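**Q** pasting the sequence and the predicted model now:
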2 protein chains.
Amino acid sequence: MNIKGFKFSAVEAAVKKPGRLDLGLIFSEVPAAVAGVFTTNKVKAAPVLLGMERMKNGLCQAVVVNSGNANACTGPQGIEDARETARLVAEGLGIPDEAVQVSSTGVIGQPLPMERLRRAIPALIEGLGTGTFDDVARAIMTTDTFPKIEARNGVAGGIPYSIAGIAKGAGMIMPNMATMLAFIVTDAAVEPAWLKKVFKEANDASFNVISVDGDTSTNDTALIMANGMAGNPQIKAGTPDADSFVLHLRDVLLALAKQIVKDGEGATKLVEITIKGARSGADAKRAAMAVANSLLVKTAFFGQDANWGRILAAVGYSGAEVDPDKAELFFDDVQMVKNGIFAGGDAEARGTEVLRKKEFAVTVNLKLGEGISTVYTSDLSYDYVKINADYRT
Amino acid sequence: MNIKGFKFSAVEAAVKKPGRLDLGLIFSEVPAAVAGVFTTNKVKAAPVLLGMERMKNGLCQAVVVNSGNANACTGPQGIEDARETARLVAEGLGIPDEAVQVSSTGVIGQPLPMERLRRAIPALIEGLGTGTFDDVARAIMTTDTFPKIEARNGVAGGIPYSIAGIAKGAGMIMPNMATMLAFIVTDAAVEPAWLKKVFKEANDASFNVISVDGDTSTNDTALIMANGMAGNPQIKAGTPDADSFVLHLRDVLLALAKQIVKDGEGATKLVEITIKGARSGADAKRAAMAVANSLLVKTAFFGQDANWGRILAAVGYSGAEVDPDKAELFFDDVQMVKNGIFAGGDAEARGTEVLRKKEFAVTVNLKLGEGISTVYTSDLSYDYVKINADYRT
């Protein structure tokens, strides 16, 4: 994958323990427009606080990210450690401090092992000649079982450009938290203010419509850097290629989001939940998230039990407007519920067949309006409990 | 247990399958004041809809309750079946139709097996001579592993009275749902309007501060009947014995609520979560429920992992006001967190000791105000998944 002007590197810093890549670097040869979306959790990790502050500059040239330690709940020392990490990278690269973003994922409440980071950063910078984006995708993995990477190619003003992204899972990540990290790079020239807007919207349509366990981490971060090295005329609102840029961006984010759900801790199924016919879009989203987060629904998916009653019950307590005598429910194209009651016939047998698949769709039509929302979820298995029962050891 | 004027009965109707008591009856020899609290789920089972309607009379003389079938998502036929069940019981007892409450718990979406109920109801009524409240507690069990029953004795105007209650679990109950049912009887004379008020408040302080899985069922119901047969001067607001009646009532409900948490599906721990120092009482409740419902927190409890970071993170996303640099966190009396960061010393070892207990307390002090709230929760174990993965078979 060649995204013009971007270089990558990853090394083993042994942040938590040795044996794997755990420190990654993304570098743009020229300052890039940057946009970011951060956790809404009121308890924010030090790198998130620093990142939100630096985001105001609108420019970024490097992202340094470690796994194995979240640098969260670490007080003033945590902020100091995040700043020092950025400073060491900036000095090594010969760029301003403020052009470096820092990101962390891992154990909460333990100080960053700065000695090890100080020792590893020179090699990290040196590795920029030979490293790959895939290496960085591996370095940010925690309980993820595979690296997550996606790319799309586009054209703007006749000039080709690329968008590529990596992510790590939201499945309540090893050792402590459901941290979701995503880093997107593009060599397209994009107007900074418009980039901010479309990146936020693309997040709402991808990382914000997945559910593995409903927890929001202290470290969740999604960043995009656009360095303009493709040489295209700047893409912004109203330009001919704006729509296709948005489509490519959303494709990359949604593909990463689905990979995250598939790799949810202990997950064996990827389920697309659609609520339609809701009184409003907000109602549809509320109902879809309630279904996606319901333990009863998720354990039934794991058990391959066509238990539509649990799904209707979750819709019922979601806060969305519901007329129980109108609802319809489908597993793929098999109608299980008509006018709020069991559809009868061979629905049970055919519905059970659908639930045996690795991927399937659940659709509820509330028949009250035009609101529609789709979210992606996984099932809840024994392994989820196993993975999360005893993590820090 | 002798609650004057109340009789009980339970039989095997084989609602779902034979082999156990599954149909219960509570009968008061005289019309009793009645109050009820019903599920807030917008998808309400037929007996809930009927019960809410009949509650308006303010009087009740019998409650008939079955397990094995929830009579939910059953459309107009479900309402007709609930009405017929009440009518058969009313005829057998020689009381008005409207004086009978019906309650159901079990599989969603299947019609009540009315043939079996019609056959069983005569024996049910006949059993009133010899049955016990404990029999009814057994008849309403689904995945519960033990019957839940509590009683307290009080005095009003020098006259002794009793309050007794039974309940079934909220742990997402066999076969389909997290149904919570509770039936309270007292021979005290209580003013109906005041009974309604204090029963609602007692529910808020007991069944509404427990969390097993966060799902709200289509059938949740708590009822109280007060028949006045003790012969005490009527208890109401401002009478000398009003406060002690409220205390006894809350004791019974809270004890039943704790039994429900202890018997949560697959539960191995009973954990008392207290948030104090919150900006408001509502903030405290919000934060406590977020902690109690967090899968990450509950799996850590199961793993006996003193993972305080997950608890602070849940508080952080609860919506409650939080200053991460002020928070304190305790496991029992072991301080794990001070000013938002790890308390150090031997806290890890001592905190882990606390988590090895079957029952312990988690206290978070947000140090922002006077808001305080306590909720009760269980851990999340392999068995929870096992019990819920494949239920209807």
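**A** Sure thing, it's come through.
**Q** are the host helix or strand of residue A:335 and chain B in contact anywhere?
**A** Assessed by DSSP states H and E, residue A:335 sits inside strand A:334-338. Yes: using CB under 8 Å from any CB of the partner chain, a contact is recorded between strand A:334-338 and chain B, made by residue A:337. Where C-beta positions appear, they are placed from N, C-alpha and C, glycine not excepted.
**Q** could you pull out the strands in the stretch 1-150 of chain A for me?
**A** A:6-11, A:23-38, A:59-69, A:100-107, A:148-156 (DSSP state E, counting those that start in this stretch).
**Q** which one of those lies nearest to chain B?
**A** Chain B lies closest, by CB to the nearest CB, to one member of these: strand A:100-107, at 7.4 Å.
**Q** next, the angle from that closest one to strand A:23-38.
**A** 100 degrees (axes from the mean of the first three to the mean of the last three CA atoms, to 10 degrees).
**Q** tell me what strand A:100-107 is packed against?
**A** helix A:46-55, strand A:59-69, helix A:75-93, strand A:181-186, strand A:221-226 (3 or more CB pairs under 8 Å, 6 or more residues apart in numbering or on different chains; DSSP states H and E).
**Q** at 7 Å what do you get?
**A** helix A:46-55, strand A:59-69, helix A:75-93 (3 or more CB pairs under 7 Å, 6 or more residues apart in numbering or on different chains; DSSP states H and E).
**Q** turn the ones you listed into a markdown table, columns for mean neighbour count, mean pLDDT and distance to chain B.
**A** Formatted as a markdown table, those follow (neighbours: other CB atoms under 10 Å in any protein chain shown; pLDDT from 0 to 100; distance: least, CB to the nearest CB, whole Å):
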| stretch | mean neighbour count | mean pLDDT | distance to chain B |
| --- | --- | --- | --- |
| helix A:46-55 | 21 | 96 | 10 |
| strand A:59-69 | 25 | 96 | 11 |
| helix A:75-93 | 19 | 97 | 4 |
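**Q** mind checking which of those is nearest residue A:168?
**A** Closest to residue A:168 of the helices and strands packed on strand A:100-107, according to CB to CB: strand A:59-69, at 7.6 Å.
**Q** other residues contacting that closest one?
**A** A:13, A:15-16, A:22-28, A:31-34, A:85-86, A:89, A:93, A:95, A:99-107, A:110, A:112-113, A:139-142, A:181, A:183, A:223, A:225 (CB atoms under 7 Å, 6 or more residues apart in numbering or on different chains).
**Q** give me the pLDDT for residue A:208.
**A** Note on residue A:208: pLDDT of 84.
**Q** for residue A:177, same thing?
**A** At residue A:177, the pLDDT value in this model is 43.
**Q** the residue nearest to residue A:128 when sequence neighbours are not counted - how many residues pack around it?
**A** Excluding the flanking residues, the one nearest residue A:128 by CB to CB, 6 or more residues apart in numbering or on different chains is residue A:7, at 4.2 Å. By other CB atoms under 10 Å in any protein chain shown, the residues close to residue A:7 number 19.
**Q** repeat for residue A:375
**A** Neighbour count of residue A:375, defined by other CB under 10 Å: 24.
**Q** what do you get for residue A:346?
**A** For residue A:346, the count of nearby residues is 10 (other CB under 10 Å).
**Q** which residue ranges of the stretch 101-250 of chain A form helices?
**A** Residue ranges of the helices in the stretch 101-250 of chain A, as given by DSSP state H, counting those that start in this stretch, are A:114-126, A:133-139, A:192-204, A:242-262.
**Q** out of these, which is the most enclosed?
**A** Compared across the helices of the stretch 101-250 of chain A, helix A:133-139 shows the largest average neighbour count, a mean of 22 (mean count of other CB atoms under 10 Å in any protein chain shown).
**Q** wait, residue A:301 touches residue A:269, no?
**A** Yes: with contact defined as CB atoms under 7 Å, residue A:301 counts as touching residue A:269 (5.2 Å).
**Q** more neighbours: which of the two?
**A** residue A:301 (28 against 22).
**Q** what's the first helix or strand after whatever helix or strand the more buried one lives in?
**A** If you go by DSSP H and E, residue A:301 is part of helix A:295-302. Following helix A:295-302 in sequence order, the next helix or strand is helix A:308-317 (DSSP H and E).
**Q** only the buried residues of stretch A:151-164, if you could.
**A** A:151, A:152, A:154, A:156, A:161, A:162, A:163, A:164 (16 or more other CB atoms under 10 Å in any protein chain shown).
**Q** next up, the contacts around the closest residue to residue A:294 other than its chain neighbours.
**A** Spatial nearest neighbour of residue A:294, excluding adjacent residues (CB to CB, 6+ apart): residue A:314 at 4.2 Å. Neighbouring residues of residue A:314 by CB under 7 Å, 6+ apart: A:290, A:291, A:294, A:297, B:215.
**Q** of those, keep whichever come out buried.
**A** When those are checked for burial by 16+ other CB under 10 Å, the buried set is A:290, A:291, A:294, A:297, B:215.
**Q** distance to residue A:318 and pLDDT added to those, as TSV?
**A** Shown next, in TSV, are these (distance: CB to CB, whole Å; pLDDT from 0 to 100):
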residue	distance to residue A:318	pLDDT
A:290	3	90
A:291	8	93
A:294	9	84
A:297	12	88
B:215	11	66
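**Q** tell me the one of the residues you listed nearest residue A:243?
**A** When the buried ones among the contacts of residue A:314 are compared for distance to residue A:243 (CB to CB), residue A:291 wins out at 31.3 Å.
**Q** need the nearest residue in space to that closest one, chain neighbours excluded.
**A** Closest to residue A:291 by CB to CB, 6+ apart is residue A:314, at 4.6 Å.
**Q** excluding covalently adjacent residues, which one is nearest to residue A:313?
**A** Nearest to residue A:313 is residue B:218, by CB to CB, 6+ apart, at 5.2 Å.
**Q** look at the one you found and say how many residues are nearby.
**A** By other CB under 10 Å, neighbour count at residue B:218 equals 31.
**Q** ok, the one 4 residues further on next?
**A** Other residues near residue B:222 come to 25 when the count uses other CB under 10 Å.
**Q** name whatever forms a beta bridge with it.
**A** residue B:37, residue B:182 (DSSP bridges).
**Q** my guess is it contacts residue B:39. True?
**A** No: using CB under 7 Å, residue B:222 is not in contact with residue B:39; the gap is 9.9 Å.
**Q** which ones are touching residue A:244?
**A** Contacts of residue A:244 (CB under 7 Å, 6+ apart): residue A:154.
**Q** quick one: pLDDT of the residue in the stretch 101-250 of chain A positioned nearest to chain B?
**A** Proximity to chain B, evaluated over the stretch 101-250 of chain A using CB to the nearest CB, is greatest for residue A:108 at 2.8 Å. Model confidence at residue A:108, given as pLDDT, is 86.
**Q** now do the contacts for the residue nearest to it when sequence neighbours are not counted.
**A** Closest residue to residue A:108 in three dimensions, ignoring its sequence neighbours and counting by CB to CB, 6+ apart: residue B:309, at 2.8 Å. Residues near residue B:309 by CB under 7 Å, 6+ apart: A:72, A:73, A:108, A:109, A:176.
**Q** mind checking what secondary structure residue A:374 has?
**A** Under DSSP: H, G, I helix; E, B strand; the rest coil, residue A:374 falls in the strand class.
**Q** that one - how many residues pack around it?
**A** A total of 17 residues lie near residue A:374 under the criterion other CB under 10 Å.
**Q** I am finished for the moment; much appreciated.
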